[in-house]
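Student: here is a sequence with its predicted model. Questions after.
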Amino acid sequence: DDEGRLAVSDFGNARVQIFDAKTGETLRIIKQLTWYDSRGDEVLEADPSGFISEIGLPVGVSFSPSGFLYITDVWFHRVIVLDEAWDPIQKFGSGAGYDDVESYTEPFRALRKRRNKLGERKFAPMGGSDTMQLNQPSSIAITQGRVVLVDKGNRRVQVFV
């Protein structure tokens, strides 16, 4: 970005790393998110507003001209926006309910039942296909005041103004 920062999605470790582009020094590691409500109180993960505190699988990262960092999270089917202090200020995207889904009130908690290699039940978030729903958002770019987003699971590109 214009500040000489380089954002790298480290999806294997479920985190985003920020480096100084000139020196290679690690400036920040973003793994956990702390969300705040309009009063400035911390919102807990279990809160019905759906603010999940961890980053699932970050794939795409892009700085806006104002220095905000946009992160696509394939696991939770969302885009997270962080301000210059690395605090999350916005999220968009959501999953949709299907017949085989346990739905809760918040869209990111819609979970599909799966079994892992040991036969234990695991839960994976579901994506959606409506305009503000995402299914495996991957690449993201900020250009000319627009957010251009590759919504891989829906085989589309969305442009937000």
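Tutor: Received, thanks.
Student: got the contact list for Lys1?
Tutor: Careful, residue 1 is Asp; it's not Lys. Residues near Asp1 by CB atoms under 8 Å, 6 or more residues apart in numbering: Ala7, Phe63, Gly67. (Each C-beta comes from the backbone N, C-alpha and C, glycine too.)
Student: and the first one, that one's in a strand?
Tutor: In other words, Ala7. Yes - assignment of Ala7 by DSSP: H, G, I helix; E, B strand; the rest coil places it within a strand.
Student: what's the neighbour count on it?
Tutor: 22 (other CB atoms under 10 Å).
Student: what sits against it?
Tutor: Counted by CB under 8 Å, 6+ apart, Ala7 has contacts Asp1, Val16, Gln17, Ile18, Val61, Ser62, Phe63, Leu69.
Student: looking at the residues you listed, which one is closest to Arg146?
Tutor: Nearest to Arg146, judged by CB to CB, of the contacts of Ala7 is Ser62 at 11.5 Å.
Student: between the contacts of Ala7, which is nearest Leu33?
Tutor: Of these, the one sitting nearest to Leu33 (CB to CB) turns out to be Val16, at 10.5 Å.
Student: so what sits opposite the closest one in the bridge?
Tutor: In this entry, Val16 is beta-bridged to Ser9, Ile30, by DSSP bridges.
Student: which ones are touching it?
Tutor: Ala7, Val8, Ser9, Asp10, Ile29, Ile30, Lys31, Ile55, Pro58, Val61, Leu69, Ile71.
Student: now these: which count as buried?
Tutor: Ala7, Ser9, Ile30, Ile55, Pro58, Val61, Leu69, Ile71 (16 or more other CB atoms under 10 Å).
Student: may I see those residues organised as TSV, with pLDDT and distance to Asp41 added?
Tutor: Converted to TSV, those look like this (pLDDT from 0 to 100; distance: CB to CB, whole Å):
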residue	pLDDT	distance to Asp41
Ala7	96	28
Ser9	95	30
Ile30	91	21
Ile55	83	22
Pro58	92	26
Val61	97	28
Leu69	95	23
Ile71	94	23
